[in-house]
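Asks: Give me coordinates for this.
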Amino acid sequence: MEDQVFAILAFSYDSLSNDTIKSCFLYCSMFPSDYEILEDEIIELWIGEGLLIASYDIQRARNQGYDIIESLKVACLLESAESGKHVKMHDMIHDLALWLTMKTEEMKERARVLESRDFAEMKEAQMISLWDLDRISLFHRSVVGPKVPSFPNLETLFLRRNSMGEIPSGFLEKMSLVRVLNLSYNYRLGMCWQVHQLVNLEYLNISFTSIKARSIRGLKKLRCLILNFTHLKEIGQTMISGLSSLKLFSMHSGCHQQHELLLFDQIPENNILCGGKKALLEELESLEYINEISIIIPSDISVAELSSYKLLSLVHLETLQISSCNDLKDVKIDTIDKGKQGFIPRYSTVLPKFSKLHEVHIISCSKLLDLTWLIYAPCLQSLAVSACESMEELIDGSDGVVQENYGLFSRLTTLQLENLPKLNGSCNYVLPFPSLKMIYVHSCENLRKIPFDFNTGKNSLKKIQVEQSWWDGLQWEDEDIKQRFNSFFMPSVYMDLYQVLGYGY
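Replies: Next up, the predicted model:
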């Protein structure tokens, strides 16, 4: 009976247009059913696995990944989660993916095992995904004395959301073929010295762990390194620049407590994250193949100094977070001196260096007045602005900037505005936001008008998540416009920046 049901459901899978989309669908079964998967995370995993044709160009690969996700949604094999940046797989579709894996000859030997406690059934697998384990359950059925299980064929390992404080000696040593290792969301995990012995590793995610940076030293084949919200306090000299194949690097600072942000200022002086804090930028600049960089700009780097970094003039720059720059009042662009493009006090024409910038977070910049420089980011998809108490407007429309840049925010899908007490809606322009999917507004009590008309987000908007009292007090040009957007309104409670951006458990 089960086979008959799956055979019917498999029609959607069989109708997918190519093998790449089919492989990406099957890969989603590495996550538990109904688990909300961050879209960027699954795409980065597809890149790490080499499933995407354009993996050599991270932005092209991301675009291909987004297209694949949309194809899987249309086929009803993935569905959008409540957050616009997540997808999930229904439990029946998840079972279908596992069934297809065992029915597909090519995939039989790449069996995925989810939440299993029996290592005997895993030892020949090439892909294993284990969630919600502790040290005892991981080893008690397979270890006699000091022995540990062996996985000679394993290429992909997820050990995620587990309560282990360490991965015991010898466990990873028996996985010499592993190329993809995901240890994220193991909040207690600090001891994992064996990672550096995985010489074939190409993708490593240790986000939301306490693993030490020395574990990554010498991984010459590593292409994707994700260190978001770790407890990293030290990165040794030449450690990053020694990762000679690195293409994607992401390190959003943070810690495991929701309202406690670990900034560079709290890191000891004896490593490249502090003392010579700019050394991290220099290390990243030395990487020959780097194609995407996502880092926090240290608060001690001045606006003038930014222009000296090639990093910020590279076309690679795709994600930018500026945090706790309390002296920063203005960011403008000038191209008069073509040899010295950078962040300086005046702006004029479009800079090609922002042509790939797609995600911007501005946090706790208390004197920053506006973000008019974003007119030079035509591919911007996600914008989050939080705790900028002097900001009065996002874009200065006083000198015709908006009218001259009608495509402004044309690709923006997510907009978050939080704790901006002076932000006002005294704008005389309307923005179509043709790609906008989700808006989140909280503690912006002076914002009484928004630059919307009847066509804003016409075919894309899904959710406006704001406070009820703020929504009730908005001023609208036309009652019909208000009625149109009422259908997207969702009363909200407070969510911090990282919840809205999709970082979660």
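
Asks: Can you report how many residues neighbour residue 160?
Replies: Residues within reach of residue 160, counting by other C-beta atoms under 10 Å, total 21. C-beta: built from backbone N, CA, C; applies to glycine.

Asks: ugh, wrong one, residue 23
Replies: Neighbour count of residue 23, defined by other C-beta under 10 Å: 18.

Asks: what do you get for residue 25?
Replies: Residue 25 has 24 neighbours, counted by other C-beta under 10 Å.

Asks: what do you get for residue 376?
Replies: 20.

Asks: Repeat that for residue 74.
Replies: 11.

Asks: Tell me how far it lies from residue 12.
Replies: According to C-beta to C-beta, to the nearest Å, residue 74 stands 9 Å off from residue 12.

Asks: what ranges do the helices span in this protein?
Replies: Per DSSP state H, the chain has helices spanning 2-14, 19-27, 39-49, 58-74, 91-103, 105-108, 135-139, 279-285, 303-306, 401-404, 468-472, 479-486, 497-501. These are given in chain order.

Asks: Redo these as CSV? Include mean pLDDT and distance to residue 455.
Replies: Formatted as CSV, those follow (pLDDT from 0 to 100; distance: least, C-beta to C-beta, whole Å):
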stretch, mean pLDDT, distance to residue 455
helix 2-14, 81, 33
helix 19-27, 94, 32
helix 39-49, 94, 26
helix 58-74, 91, 22
helix 91-103, 87, 35
helix 105-108, 54, 46
helix 135-139, 51, 55
helix 279-285, 74, 41
helix 303-306, 50, 37
helix 401-404, 57, 16
helix 468-472, 90, 20
helix 479-486, 88, 10
helix 497-501, 54, 25
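
Asks: Distance to residue 186 added to these, as CSV?
Replies: Output for those, formatted as CSV (distance: least, C-beta to C-beta, whole Å):
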stretch, distance to residue 186
helix 2-14, 32
helix 19-27, 21
helix 39-49, 15
helix 58-74, 25
helix 91-103, 22
helix 105-108, 27
helix 135-139, 11
helix 279-285, 24
helix 303-306, 35
helix 401-404, 46
helix 468-472, 38
helix 479-486, 42
helix 497-501, 18
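
Asks: among the ones you listed, which is nearest residue 371?
Replies: Residue 371 lies closest to helix 401-404 among these, at 11.4 Å (C-beta to C-beta).

Asks: ranges for the strands of the stretch 351-500 of the chain?
Replies: 359-363, 382-386, 414-418, 438-442, 463-466, 489-491 (DSSP state E, counting those that start in this stretch).

Asks: Serialize those strands to a markdown table and add fields for distance to residue 184, mean pLDDT and mean neighbour count.
Replies: What follows is these, written out as a markdown table (distance: least, C-beta to C-beta, whole Å; pLDDT from 0 to 100; neighbours: other C-beta atoms under 10 Å):
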| stretch | distance to residue 184 | mean pLDDT | mean neighbour count |
| --- | --- | --- | --- |
| strand 359-363 | 19 | 88 | 21 |
| strand 382-386 | 20 | 93 | 21 |
| strand 414-418 | 22 | 92 | 21 |
| strand 438-442 | 24 | 91 | 23 |
| strand 463-466 | 26 | 90 | 21 |
| strand 489-491 | 29 | 88 | 14 |
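
Asks: neighbours around residue 59, how many?
Replies: Neighbours of residue 59 using other C-beta under 10 Å come to 17.

Asks: And for it, nearest residue in space, chain neighbours not counted?
Replies: Of all residues not flanking residue 59 in the chain, residue 356 sits nearest, at 5.2 Å (C-beta to C-beta, 6 or more residues apart in numbering).

Asks: doesn't residue 378 make contact with that neighbour?
Replies: No. Applying C-beta atoms under 8 Å as the test, residue 356 and residue 378 come out as separate, 9.6 Å apart.

Asks: neighbour count winner among the two?
Replies: Legend: neighbour count by other C-beta under 10 Å for residue 356 and residue 378, higher for residue 356 (21 against 18).

Asks: quick revisit: with distance to residue 162 as added columns, please give the strands of the stretch 351-500 of the chain in a markdown table.
Replies: Listed next are the strands of the stretch 351-500 of the chain as a markdown table, based on distance: least, C-beta to C-beta, whole Å:
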| stretch | distance to residue 162 |
| --- | --- |
| strand 359-363 | 29 |
| strand 382-386 | 30 |
| strand 414-418 | 30 |
| strand 438-442 | 31 |
| strand 463-466 | 32 |
| strand 489-491 | 33 |
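
Asks: Out of those, which gets nearest to residue 179?
Replies: For residue 179, the closest of those is strand 359-363, at 26.5 Å, according to C-beta to C-beta.

Asks: Paired strands for the closest one, with orientation please.
Replies: Next to strand 359-363 in the sheet, as set by DSSP bridges, lie strand 319-323 (parallel), strand 382-386 (parallel).

Asks: Could I get the average pLDDT for the first one?
Replies: This predicted structure assigns strand 319-323 an average pLDDT of 78.

Asks: For that strand, list the C-alpha coordinates in CSV.
Replies: Provided in CSV are the C-alpha atoms of strand 319-323 (Å, rounded to 0.1, in the frame of the first residue of the first chain):
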residue,chain,number,x,y,z
THR,A,319,26.8,40.5,2.2
LEU,A,320,27.7,43.5,4.4
GLN,A,321,27.0,44.1,8.1
ILE,A,322,28.0,47.3,9.7
SER,A,323,27.6,47.2,13.5
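
Asks: what's the offset of that strand from the middle of its chain?
Replies: Put simply, strand 319-323 sits 13 Å off its chain's centre (C-alpha atoms, centre = their mean, to the nearest Å).

Asks: Going forward, the N-terminal residue is numbered 5.
Replies: In the new numbering, first residue 5, that becomes strand 323-327.

Asks: Would you state the strands of the stretch 155-304 of the chain in chain order?
Replies: Per DSSP E, counting those that start in this stretch, the stretch 155-304 of the chain carries strands over the ranges 160-164, 184-186, 207-209, 228-230, 252-255, 296-301.

Asks: out of these, nearest to residue 487?
Replies: Closest to residue 487 of the strands of the stretch 155-304 of the chain, according to C-beta to C-beta: strand 296-301, at 39.5 Å.

Asks: I'd like to know how far the closest residue to residue 455 other than its chain neighbours sits from residue 390.
Replies: Of all residues beyond its chain neighbours, the one nearest residue 455 is residue 435 (4.7 Å), with distances taken as C-beta to C-beta, 6+ apart. Separation of residue 435 from residue 390 (C-beta to C-beta): 21 Å.

Asks: what does stretch 13-29 rub up against?
Replies: Applying C-beta atoms under 8 Å, 6 or more residues apart in numbering, the contact partners of stretch 13-29 are 46, 50, 55-57, 69, 72, 75-76, 79-82, 96-97, 100-101, 104.
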